[in-house]
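Peer 1: with the input below, show me the fold.
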Amino acid sequence: MDCIFCKIANHEIDSEKVYEDDEVIAFNDLDPQAPVHVLIIPKEHISSTNELTLENKDIVGKIFMIASKIASDRSLDKGYRIVNNCGEDGGQTVEHLHFHLLGGRNMKWPPG
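Peer 2: Sure, this is the predicted structure:
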């Protein structure tokens, strides 16, 4: 498989890790869109939100708990945004389920 996020999860590609356990890894985005921009991914390859099943759905709850901890650790007390892009029209550029944790600035709506 030629998935860049799988390679990061398997330590084949270096990343600036923020968090890691047996199921999830979080790392700083190489092209940050905010002062805090962390990508949080399951280590298991799940292509997108559309590929969630009853068997793997719990990973999303775990990812949100980790996002909350990272936000607290990064002192994002005034707020933050968690984004998941799904599919080409949704802006997904890597076909591996991932969540962007963005913070450290005012997040305008709608995003630009």
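
Peer 1: would you mark the buried spots in the lengthiest helix in the chain?
Peer 2: Identified as the longest helix of the chain according to DSSP state H is helix 58-73. Across helix 58-73, burial judged by 16 or more other C-beta atoms under 10 Å covers 59, 60, 63, 66, 67, 70, 71. Just so you know, the C-beta spots here come from the backbone N, C-alpha and C atoms, and that holds for glycine as well.

Peer 1: my guess is the last one contacts residue 78. True?
Peer 2: What that stands for is residue 71. No. Counting by C-beta atoms under 8 Å, residue 78 is not a contact partner of residue 71; they are 10.4 Å apart.

Peer 1: with the buried residues of helix 58-73 in mind, which one is nearest to residue 94?
Peer 2: residue 63 (15.3 Å; C-beta to C-beta).

Peer 1: excluding its backbone neighbours, what's nearest that closest one?
Peer 2: residue 40 (5.2 Å; C-beta to C-beta, 6 or more residues apart in numbering).

Peer 1: for that neighbour, pull up the helix or strand it's in.
Peer 2: strand 36-42 (DSSP states H and E).

Peer 1: touching stretch 47-56 from outside, list them.
Peer 2: With contacts defined as C-beta atoms under 8 Å, 6 or more residues apart in numbering, stretch 47-56 is touched by 42, 44, 46, 60, 84, 86, 87, 92, 95, 96, 97.
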